[in-house]
Structures are given as structure tokens and as C-alpha cells.
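J.: got a predicted structure plus its sequence, pasted below:
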Amino acid sequence: MTTANKYVPFPSRIEKVIRHTQIEYTFRMHFDQAEEKVKPGQFFEISMPKYGEAPISVSGIGKDSIDFTIRRVGVVTNEIFEHYEGQSLLIRGPYGNGFDFNDYNGSELIVVAGGTGVSPVRGVIDYYAHHPEKVDGITAIVGFKSPDDMLFRDDLAYWKEHIDFRMTVDSAKGREGYREGFVTAVVPELTPKDLANTKAIVVGPPPMMRFTIAGLIKLGIPEENIWLSQERKMCCGLGKCGHCKIGNTYVCLDGPVFPYLKSKTMVD
Amino acid sequence: MDMNTKELKKNAFRVTKVRGVTSSRVRVPGGLLKAEYLGKIQKIAETYGNGTVNLTARQGFEIPGIPFEKIPEVNQALQEIIDGTGVNQTGKERGEGYPASGTRNVSACVGNRVCPYACYDTTALAQKIEKVIFPNDLHVKVVLTGCPNDCQKVRMGDIGIMGMTEPQFDPDRCVSCGACIKACRSKSVDALTSVRFRPERDSYKCIGCGECINACPDLAWTRSQKKYFRVTLLGRTGKKNPRMGVDFIKWADEDSIIQIIKNTYEYTRHYINPDSPGGKEHIGYIVDRTGTEEFLRWALKDVHLPDIAEVYTPLNWNGVEYAHNKYFGNQRYHENGTIVTDFSK
Amino acid sequence: MGYIADTSQFEKLFSYWKEEYEIWAPRRFQGGGRFSDTDAVRYARVDSPSEIEFEEKSAYSWKETVFPPSETLFYFSQNHVEEAEAPAKKRLVFLRSCDLAAVRRMDQIYLKNGDPDYYYARKRDGLAFVLIGCPHTCENGFCVSMGTNASDNYDMSVDVTDGAYYIDCPQEDWSRKLEELGAAPAEHKPSRVTENKVSVRIPDNLTYEVGKSTMWNQYDKRCINCGRCNFVCPTCTCFTMQDMYYDADGKVGERRRVQASCMVDGYTDVAGGASYRKKNGQRMRFKTLHKVLDFRERFGYQMCVGCGRCDDICPEYISFSHIINHLEEGMKEAQADDNSK
């Protein structure tokens, strides 16, 4: 029996480092035929020097590139990520199911994301922002802690121009032009045309997802029309390490994107 | 009534406050005896004593309320207990009771026959030491405890023996759970730090307690095959200068300890004040007189310590100096907390 | 074919094996136990039959033969990865029926849940099994309840009585070798346990709802989340990755995986700082339901093999079989709560 070694990562060149905030950066990395091979919502295991391997969602997909949005934590807090440009990182993937556009094509789509939860859905919002004809309208609600914590500013600007885009900040820190509050406060204001044909994607911290989904259901969106993405510790991405198991489900193999109907039966 | 009190005491009977009444002191080396001997002690107490038994501080029994005239019968009755507790009777005929009482009962905590923390069989070593040092009239207290928790309070004895183990680490069995580091920090001396996912042991700090070993879920830490000991010296209670024994050797082995104990007896015999009351003098006072260097010269003769052993130097004792009151008796604490001197005295 | 071999014949068979295999078996480590003057019995390489502990159940399971506590996967620099060397020899493992049943569980996760695991597979390929018969039950095992008390998928079985090795040997090459060595032919089936001191019943109606029962709360305090139960378990497969750097920049080093425990802190921690099961009682519920519910839902048979090692080793005397036997009551309580709402 010959078994491929799925644990061995491959070097991938960092083509560009984009700084979003004091601690959050996007690395644009080379990946051949990314558009054909990678879906939004999937993740890679990225080897960060001094930190180790971590599962990171794909936050953008180019022709031959993939984006990873990374937060400096722990020992790499003082690392100057800009210096990484031109260097390589060891990566492996893609893993997980990702979002299936077939689930959303033709329907009215609501995407609600909080903080780094924007990363996995950025590709979905971006796709429909550029292909508005594929859906019967798209609304994106995005929340950040403060104006300083905003990610993907260029994208946010584009979305504001082209789709129904709403943003909240927990605190505007005294600055004008921001809506203070949580994304959950925006949900009741939505007026979908046809509830049965309205679909929703929710990604963010667990309490945010719980309250947002409750709001969407209250709005009348059928439970079976809601999807979400789960973040769990994952050391392999291959159904072995066990950290991401919830009940009989392995998030790395069966997710991380789950229909809400499935997700609500999963008890950590 | 005529009674040679010197002989009485040497025979392990006490001069009590009641004239003509004594109590019998039963040795239990290592503090462990077969339960059947409790029945025999009970019988002596009920037949010859007042029906009560005292549990002594050094793990013996004291049977009070025995009239002097019953001493021969009590000694006859003690014979089975003397045999059963493995006490040497050199110098006495069978049925004549204990041959000495100066060297106190060798006491020990329950040790590794029972306790998960203990690093050796305290009972066995106590009994072995008893065989080496008893009978002897010199007033020596040897105390054994299984681990640095020191439940037996070895620092109150002349020779304190505290069990240690040298933790052995197998990195291939370590899963970096952190239990050893946590245990060492919270229960011991914080000698472990996490270095690249593995615990690193500061051997200078480590006291060999074995908490890391007990905490390790995967046997990455195990005990050294060789057993080690911390030896503490010359702790004492008493009316002059009670003090805690100080560290003498860290990572000593059993053979060295036995040699050191033998040497200490030699030294004491040589230097004891011949006029000491009752022929008893705490070794510590003798050392105060001869100087520590002279004591060490005797104590370490023919001792071959293991390579790992560390001998502490210098040895410094302190403790309560009751005797100072004689010279500074005119000082007292004022109720406002300051020291005041009363020059009228 | 069955045989009775004497010590010298068995030693010769052992030497014959050693040409092809590295042999792993329960081995007694004198003074190697956790407490002073106690031994440890655990799996290790053995060089002669005399090193095998045939009597006492190994405190740690067979799994270390293929899934060691810590294993280097590869060495890396910024642009280069070099796999750690594979073991030079195939492995032969002496194990009891519970552990042989556990091999199937381990295979399930490592070979059949998603893509096969390279590092597991390379040790698993060519692994040969010698079953140690169990003439009597161990203290805490409940193999009869779990249906793991009998196994027939071994290459050879052996019962050792008074220096005689009673053998059943379906493996034909070994049979020929035994005949060549002059072992006396005699039918023999490995002894097995037919009754344990402990039995368990997993309720048929068990669901995740049992998580709502108060039965787990006692473990918030009783359990010290040390993970011993997981590390000794022959079916626990979890691991955590570690990068051990050789340089200050963190670009050159080796990647290891170490056994992980769902009871130990950090198991569910994610980069953002969230942690999914903080209470020890909830960790206990998670572990229990993996062993007797969700594995079965996913793969069709129970994970727990009833070896009882988790009971043997728990310093807080938490009994896993006791927990299993309380699930029925737990379900009743959880469902009564539901109905009252």
C-alpha cells in the first residue's frame, strides 16, 4: 500500500503583504490555478515561523493566488509581517468543503459576518458583487470592533457602491459616519422580498452567530436556508487529530461550512 | 526504697513524679509494628500499669503507673515486643528489658509502603539504622521522612534523612501537557520551565520531591533507580537554644548516611562533656564547642558520596536563644510594639 | 495449527521473527512506576521472550507501537521539507484481545476517516499480531460487555503456562517454523474471558441529549483533567502538532505530533482565544459520548473496547464503566427535563 504524505507542506511565495490593522494582515500567496482548485470557505494549514501550523481560511482567490488573513498573536506579536513579502511559507491544503455557490445562485442572499469571520465569506460577497445577475439581490452585513479594526477596506468600499452593504462597529471611538452596535441589530431591519427564496450565510464568533441566526429565523427565513462556518482547533485538516470533532462530525472533513439544520444538532 | 535511677533510666524506665512508680518506654523503630504487639502492650498496661498507654512524640509507647517492684515482670513481658520490633538487646539477658535509652527511637513517616509521595521505604531504613546504632547511651535522635514534605519533621532531630528522587526525563514520552510544570510551581520549588514544548529542570533548584513524576500522565518523568536523600544536621528542642537542623548534604545515598551516623557517634563519644547532666548532651552543643570543621572532619571520614551529591558549606544554625535572656533580660516589648530597656534591672 | 512449544523453541521462533520484525510487547520496567518502588508495565521493544510481561495487563496500550506519545514527522527549513525516516523493520506486536479489537478502531480513524495517514500507515503496513490469551479477567475490564473478549484476526496466539507456550498459529510460515523447531502439534484456542467483574449497558436510546443531565457536574470538581484516561486508551487517536525550532527566526526545525487529550486544557482552544469545553464535566461528557455514541453513529460500531485502563489509572478513582452505566439514568433525567418544558 502506498499512502501519500498529506502532512508535508509545500513552499508558497508571498507575493504581497497587505496590512489592514495594527495586527491583521493579508498574505497573497502563489497557488497555481487557484480559481479552479480553491473555494471560498475552505482553509489551508499555514506554517507561521515561530508559531507553528494553524488552520487559516482562504480570504480571497485570484487566478494563481490565494489570500490568507492572519492576526499576529502570541510570540509573533512584534513580528514585522511586511518583511515577509517575497519570502515563502510552508502551506498545505485546501481543506474542507467551502461554500457551494449552487446553494445560493438565484436566491436573495444575506451574508452576515463579524471580525475575522469576514475572511471566509469575502470570496462569496465578492463573487456576487461582481456577478449580481447570479442572485436575486445580495445584502452584506459586516461588523468590526472599531473603525481601527476594519479589514478589507478596498473591498468594503466596492461593496458599498455595488450591493446592499451595511457595516457596524461596536464602538466608533468618537468618529463620525459609523453605525455603532452589533450586526444583530441590523438583521431585524432587513426586508427580504421572498422569505422562502432568501438564503443566509453567517460567520463570526459563536455568540454572534447564535444571536444572528435567531434574528434571521425571527425574520421568517427558513432554517434550511441558513449556512454558517465553524472555527475549531485543527492540527491536521485530515480527520485524524480529533480537535475539531463535534459529536459525530469532523469540521475539517464535513465542514467547516454547515447548513444550520446540521449545525444546530452539533453539541461541542 | 532503694533504686539506682541511673540503671532504671538506662533500662528504659522513667523516674516519675510519684515515688515508687515508673513508666515503661517501648521502642518502635520506624514507627511500625505488628498489630498483635498492641495487644501485648495493652496487657502490660492493664496488668502492671494504670490501664493507660501514652503515644510518645517519637513513635514509641509509654506505659505509666507501674510500681517499681513490677519492673522485672514488665521486662519479662516486654521480651516478645523487643523481639517483634527487632530491637538489639546487646548487654542484657533475655527478660531483662531494654539495654539503653539514650539513643532515642528512630522515627519515620509511613514512607513508600503507603504514601505515594514517599521516595523510599522509611520503615526499612529506620530499622536498618536502629540495628546499627542501638543500644547506645548517647542522646541521639535520628529521624526519617519520605519526601521533602517532611511530615516527620526531620529538622528537629540530630540527623534528619529526607527522601529524594532524581527525576529522569524521557522526551519521547512527553506530550507537553504541562502537568509537571504546574505541579512543581504550585506544590514545590518551581524548578521546571517549558522550553520548546518540553520541561527543563533546574537541577540547582530541584529538591527531588518527585511531584513532576507523580503528575506526569505518560511516564515521561520517572524515578531514578538509585534513591537519594537530603541529610539535615543537628536540629534540637530544649531549654537553651532550640533550632532547626540545617542542610548538610543534598543527594546523599544510603551507605554514606549510615557511615555518617556511625562517625557522628564516634565524634560524640570523643568530645562529649564528661560532666554533662545524666551523660546527655545534644550533639549540637558539642559542635558549638569544637567548631563545625572538626565535626565535619569526623563525620565525613570514610564517606564516599555519590558524584551527584552536594555538601553544603558553611553550616549555619540559628534558632531561639533562650540563654540570651540572661544577658538581655532587661529588654522587653512595650505594648506599643517597640523594644524598651529597663535600666533599673 | 496448534502447538505446544517449550521455552527454547519459543526463543528460537522469536529469533526467527527478529530477522524480519521489530518486536513490541508489554514489558515490565522495574522501579519504572509512578510511585517509589513500583514497576511500570507498558509497551516497548523487546529483544527476547523473557522480556515480555505475559501476566499483568500493560498500563499503557498497544497503540504506542504505531502511535507513540511523541513522533517527529519531518524536518523543515523555509523552502524544504524532509520526512523523518521510516522504521527500518516491520513490527510484530504481542497484545490482548481488547487491544486487538482496538486496532480496528485505530485503523478506522487513521486509514478510513478521510485520506489515510501516512505515518500511521507506514508502521501499520506489515504489522503482525500475536494474541496473548486472557485466562482470567482483569480488575476493571468489561470486554465481555463490549464484545471484544474474543478475537480471531491474529497471526498467532499464545498462552503461557508453567514455561509452556500453547499456540494457535494461522500464519503458515510461522507454523512451518514451529514444526521445524519440533514444537508438539496440539490443538489450542487462546483462552479468553467469559465474565468480567464489571459489566456495562449502553442505553439503546442514547443521544447527545444526555449532555443536559446533571450527571456530568460532579466531574467538574472530581476530575483533575490530567488526561491519563486518554493517554492509556487503546482507541484514543488525537494528537497536536508542535514545531520545534532550531533557529531564532523559527524557520528551521522539526514538526512533531504528540498525543493529545480532550480532557487536558488547550484541546479546543482556537487562535481567536475561544475555548469550547471549559468544564471538566463537559469534557467527560465529550469523551464518553465519543467512546459510546458518536463513533458508532459515524462508523457503525462502538469505539470503547472495555479494556478498563482508564479506570485502572485514574488518580481520582473516576470509573468510566460507572459513567456508562449511569447514561440510562442521565437520559431519563434529560428527557424528563424536556417534557417538563
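T.: Done, it's in.
J.: only C-alpha atoms for contact and neighbour calcs from this point on.
T.: OK.
J.: now A:Phe165, what are its backbone angles?
T.: Taking degrees, to the nearest 10, you get phi -120, psi 130 for the backbone angles of A:Phe165.
J.: sec struct for the residue nearest to it when sequence neighbours are not counted, please.
T.: With sequence-adjacent residues excluded and distances taken as Cα to Cα, 6 or more residues apart in numbering or on different chains, A:Phe165 is closest to A:Ala140, at 4.9 Å. At A:Ala140 the chain is in strand, as set by DSSP: H, G, I helix; E, B strand; the rest coil.
J.: so what sits opposite A:Ala140 in the bridge?
T.: A:Val111, A:Phe165 (DSSP bridges).
J.: got the contact list for the residue in the stretch 1-150 of chain B positioned nearest to chain A?
T.: Of all residues in the stretch 1-150 of chain B, the one sitting closest to chain A is B:Pro116 (33.3 Å; Cα to the nearest Cα). Residues in contact with B:Pro116, defined by Cα atoms under 8 Å, 6 or more residues apart in numbering or on different chains, are B:214, C:35-36.
J.: ok, now with 7 Å
T.: C:Phe35 (Cα atoms under 7 Å, 6 or more residues apart in numbering or on different chains).
J.: tell me the SS of it?
T.: Here B:Pro116 is coil, with the state taken from three-state DSSP.
J.: outline the domain layout of chain A.
T.: Taking automatic domain parsing as the reference, chain A has its domains at A:10-95, A:101-263.
J.: as JSON lines, those with mean neighbour count would be great.
T.: Below are the domains of chain A laid out as JSON lines (neighbours: other Cα atoms under 10 Å in any protein chain shown):
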{"stretch": "domain A:10-95", "mean neighbour count": "19"}
{"stretch": "domain A:101-263", "mean neighbour count": "19"}
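J.: lowest-confidence stretch among these?
T.: Mean pLDDT is lowest for domain A:10-95 out of those, coming in at a mean of 89.
J.: does any bit of it sit next to chain B?
T.: No. Judged by Cα under 7 Å from any Cα of the partner chain, domain A:10-95 stays clear of chain B, getting no closer than 10.5 Å.
J.: how about the residues of chain C by chain B?
T.: For chain C, the residues in contact with chain B (Cα under 7 Å from any Cα) are C:31-36, C:69-70, C:226-228, C:231, C:244, C:258-259.
J.: widest-spaced pair of those residues?
T.: The largest separation in those, counting by Cα to Cα, is between C:Ser36 and C:Met244 at 32.6 Å.
J.: what's the helix or strand for C:Glu254?
T.: Secondary structure assignment for C:Glu254, by DSSP states H and E: strand C:253-259.
J.: how far away from the center of its chain is that strand?
T.: With Cα atoms, centre = their mean, to the nearest Å as the basis, strand C:253-259 stands 21 Å off its chain's centre.
J.: what mean pLDDT would you report for it?
T.: For strand C:253-259, mean pLDDT is 96.
J.: after it, which helix or strand is next? Please name it.
T.: Next in sequence after strand C:253-259, counting helices and strands by DSSP H and E, comes helix C:280-289.
J.: burial of the closest residue to B:Arg198 other than its chain neighbours, as a residue count?
T.: In space, B:Arg198 comes closest to B:Ser176 once its chain neighbours are excluded; the distance is 5.9 Å by Cα to Cα, 6+ apart. The tally of other residues near B:Ser176 (other Cα atoms under 10 Å in any protein chain shown) stands at 23.
J.: need the pLDDT of B:Ser176.
T.: B:Ser176 is assigned a pLDDT of 96 by the prediction.
J.: which SSE is residue 242 in?
T.: Looking at chain A here, since you left the chain open. Counting by DSSP H and E, no helix or strand carries A:Gly242.
J.: looking at chain C here, not the other one
T.: Element membership for C:Gln242, per DSSP H and E: strand C:239-245.
J.: once you drop chain neighbours, what's closest to residue 63?
T.: Answering for chain A, as no chain was given. Excluding its sequence neighbours, the residue lying closest to A:Lys63 (Cα to Cα, 6+ apart) is A:Glu35, at 5.2 Å.
J.: right idea, wrong chain: chain C
T.: Sequence neighbours aside, C:Pro234 is the residue nearest to C:Lys63 in space, at 5.6 Å (criterion: Cα to Cα, 6+ apart).
J.: now for C:Asn339, how many residues are close by?
T.: A count of neighbours around C:Asn339, defined by other Cα under 10 Å, yields 8.
J.: which of the three states applies to it?
T.: Counting by three-state DSSP, the backbone at C:Asn339 sits in helix.
J.: could you measure from it over to C:Thr207?
T.: The spacing between C:Asn339 and C:Thr207, counted by Cα to Cα, to the nearest Å, is 16 Å.
J.: which residues touch residue 96?
T.: In the absence of a named chain, chain A is used. So A:Gly96 contacts A:42-43, A:252-256 (Cα under 7 Å, 6+ apart).
J.: that's the wrong chain, I meant chain C
T.: Contacts here follow Cα under 7 Å, 6+ apart; on that basis C:Arg96 touches C:131-133.
J.: return the distance of the strand holding C:Gln242 from the chain's centre.
T.: Computed by Cα atoms, centre = their mean, the chain-centroid distance of strand C:239-245 equals 22 Å.
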